[in-house]
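[1] pasting the structure only:
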């Protein structure tokens, strides 16, 4: 089965075959590796590559795999090859805007902008309270506030759009 | 000690570990702390309805609230902590500074009164001199604290500090003090009994902080020599005695580059990081608290206090260290804590537990002991590598980075340590295990796509247990 993996701004082709008795062959580009892999618990993978034993945490968030191994953390988007092609060829060209989404569940404490306001990178947009701490979220682009989807006092869930900048 | 325990819990904490482990448990209200853990009457009622004799306030919520200590006393309950009067004089940081000044203990320059409106704040700030620190008059734990480097940032920082202080402690009063550059945060543990004895149990170095909340603590501090330890310990005991302090307390100091120390505040409760003191001193602080609350005399003197070896604590929080430490509440899919000799895991979570979004992000404290600092760092490095949490983001990766950092290893610490480190350390920058990570991510995707892949089974889970507890077999 073929996958495309996005890691650190790069896209890498990966092919996985096998799987009987936990033995896989994984090709990353031209490099082929034989792996003996077991899930010790959900999301905790034991990989034996040659004689080297790794324990790797893999968790999913918003379609991204967060992988922790030997003190290193990677964010990798892995997609089956066809899906990747459809998404990247069929998608619209990036507009350069920003949709600020809630990265965590919490409560909106303050909306710092109004619709129509011009913003630049670093300008505060919204303050969210979660787990007793207030966190300010800022604009990453230059643009105009097109929509504000929330108001102060409102509870939000991860992924909820908060502010749209064009 | 054979004492039966009663846990209080909010509706969001029904599945918390403290509820599972207690002998009895009482629900005290809705998830927001202002409707449960901070409602004094409900906590008192829970104690009375179960026939409890004493209340341990822990280290959050009402732990430093004099009204609560007073309410316990009036209800005939023993408050396991200092008398209400001592909390009032030391728990209020403004009053505490005045006590320190009276006892000839140096303090950081600043206003010793809560500030009024923004105009007054601006006036005080310019007198004290930027950069300044805004702090909540009540409480601690970094809540209601803001660093202000320039006058333009003052109004926003005041608003945030007051709002956080009000939500966390029920009092929005804040004060201003001068910010010391490159400071170390070093605190002294004291214990006083009701018969006038006051001893100190050495220091804890707590300079590794993010957003003014501690992340790593150790005892002793690599920065203190015997003379400075003695002088700071003596100053801490003088302040405690002057305040009529009884039970366990912590006197916090800032220590500058030139080894001048300044009194910061006194925490009138047990600290989160008390285990490092327990490990180097060989004394159970909670047990001491219970003995003192029962009116017993301290069974040791200052001369008996002899530290042994080195202890380090790492806080494992549900936060994303690579996204500004934003909270990462949620469901813990899998959890495998570290174990082994001289490794202690003070955890409040378990596999299958959902971390509620209402409270602190602290999941567990991992504490190790070693014969010296080098041995303790090596042991912590090994323990962190063993510790696996799946489902929420944790501080473990950044803790592992810190244990390898040359400045940390050399003991060159300051409260800005993490800011410097975060500038250079980003995910995917190291790259030593990039291919292993890619293989694991691809296998997980392959697994999800329904290809033959081994799922976790009862047999494979018990294999972990067997590996962790040799000779005991799976249960």
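    Great, that's in hand. Small disclaimer: the values here were computed from a predicted structure and weren't measured.

[2] so what's residue A:140 up against?
    Applying Cβ atoms under 8 Å, 6 or more residues apart in numbering or on different chains, we find residue A:140 in contact with A:98, A:121. Glycine gets a C-beta too; all of them are placed from N, C-alpha and C.

[3] tell me which helix or strand in chain A has the weakest average pLDDT.
    helix A:81-90 (a mean of 78; mean pLDDT, DSSP states H and E).

[4] which elements pack onto it?
    Applying 3 or more Cβ pairs under 8 Å, 6 or more residues apart in numbering or on different chains; DSSP states H and E, one finds that helix A:81-90 contacts strand A:2-7.

[5] gap between the helix or strand following the strand it packs on and the chain center?
    Per DSSP states H and E, the first helix or strand lying C-terminal to strand A:2-7 is strand A:10-18. Taking Cα atoms, centre = their mean, to the nearest Å, one finds strand A:10-18 lying 19 Å from the centre of the chain it belongs to.

[6] cool, and stretch B:84-95?
    20 Å.

[7] what of stretch A:43-59?
    That offset, for stretch A:43-59, works out to 21 Å (Cα atoms, centre = their mean).

[8] mind checking the end-to-end distance for that stretch?
    6 Å (Cα to Cα, to the nearest Å).

[9] repeat that for stretch B:183-201.
    Span of stretch B:183-201 from end to end, Cα to Cα: 22 Å.

[10] now do the contacts for the residue sitting nearest the centre point of chain A.
    Nearest to the mean C-alpha position of chain A, counting by Cα atoms, centre = their mean, stands residue A:64 at 3.9 Å. Going by Cβ under 8 Å, 6+ apart, residue A:64 touches A:75, A:76, A:77.

[11] near chain B, from those residues?
    When contact is defined as Cβ under 8 Å from any Cβ of the partner chain, the contacts of residue A:64 meet chain B at A:75, A:76.

[12] nearest to chain B, of the contacts of residue A:64?
    Within the contacts of residue A:64, proximity to chain B (Cβ to the nearest Cβ) peaks at residue A:76, which comes in at 4.3 Å.

[13] quick one: which of the contacts of residue A:64 has the most company?
    residue A:76 (24 neighbours; other Cβ atoms under 10 Å in any protein chain shown).

[14] from residue B:61, how far off is that one?
    Distance, residue A:76 to residue B:61, using Cβ to Cβ, to the nearest Å: 40 Å.

[15] for chain B, which element, helix or strand, carries the lowest mean pLDDT?
    Every helix and strand in chain B was compared by mean pLDDT, DSSP H and E; the lowest is helix B:458-468, with a mean of 43.

[16] quick check: next helix or strand after the least confident helix or strand of chain A?
    Scanning forward in sequence from helix A:81-90 by DSSP H and E, the next helix or strand is strand A:98-101.

[17] any residue of that following strand touching chain B?
    No: contact of strand A:98-101 with chain B is not found when judged by Cβ under 8 Å from any Cβ; the minimum separation is 12.4 Å.

[18] what parts of the stretch 201-350 of chain B come near chain A?
    B:211, B:318, B:322, B:323, B:324, B:326, B:327, B:328, B:329, B:333, B:334, B:336.

[19] again, 7 Å this time
    For the stretch 201-350 of chain B, the residues in contact with chain A (Cβ under 7 Å from any Cβ of the partner chain) are B:322, B:323, B:326, B:327, B:328, B:329, B:333, B:334, B:336.

[20] buried ones among these?
    Buried subset of these (neighbour count, 16 or more other Cβ atoms under 10 Å in any protein chain shown): B:322, B:326, B:327, B:328, B:329, B:333, B:334, B:336.

[21] let me see the domain layout of the chain.
    Chain wasn't specified; assuming chain A. Per the record, chain A has its domains at A:2-90, A:98-165, by automatic domain parsing.

[22] hmm, no, I was thinking of chain B.
    B:6-87, B:109-178, B:184-424.

[23] by mean pLDDT, show me the worst of these.
    Among these, domain B:109-178 has the lowest mean pLDDT, at a mean of 86.

[24] what about chain A, any weak spots by pLDDT?
    Where chain A drops to pLDDT under 70, the residues are A:90-96.

[25] try 50 this time
    For chain A, the stretches with pLDDT under 50 are A:91-94.

[26] next SSE downstream of the strand ranked longest in chain B?
    For chain B, the longest strand by residue count, based on DSSP state E, is strand B:198-210. Downstream of strand B:198-210, the next assigned helix or strand under DSSP H and E is strand B:213-219.

[27] please enumerate residues in contact with that following strand?
    With contact meaning Cβ atoms under 7 Å, 6 or more residues apart in numbering or on different chains, strand B:213-219 is reached by B:141-142, B:202-206, B:208-209, B:273, B:276-277, B:280, B:310-315, B:395, B:399, B:402, B:418.

[28] same thing but 6 Å
    B:142, B:204-206, B:208, B:273, B:276-277, B:280, B:311-315 (Cβ atoms under 6 Å, 6 or more residues apart in numbering or on different chains).

[29] strands - which of those land there?
    Those of these mapping onto strands are B:204, B:205, B:206, B:208, B:311, B:312, B:313, B:314, B:315, per DSSP E.

[30] list just the nearest of the residues you listed to residue B:342.
    residue B:311 (8.8 Å; Cβ to Cβ).

[31] burial of that closest one, as a residue count?
    28.
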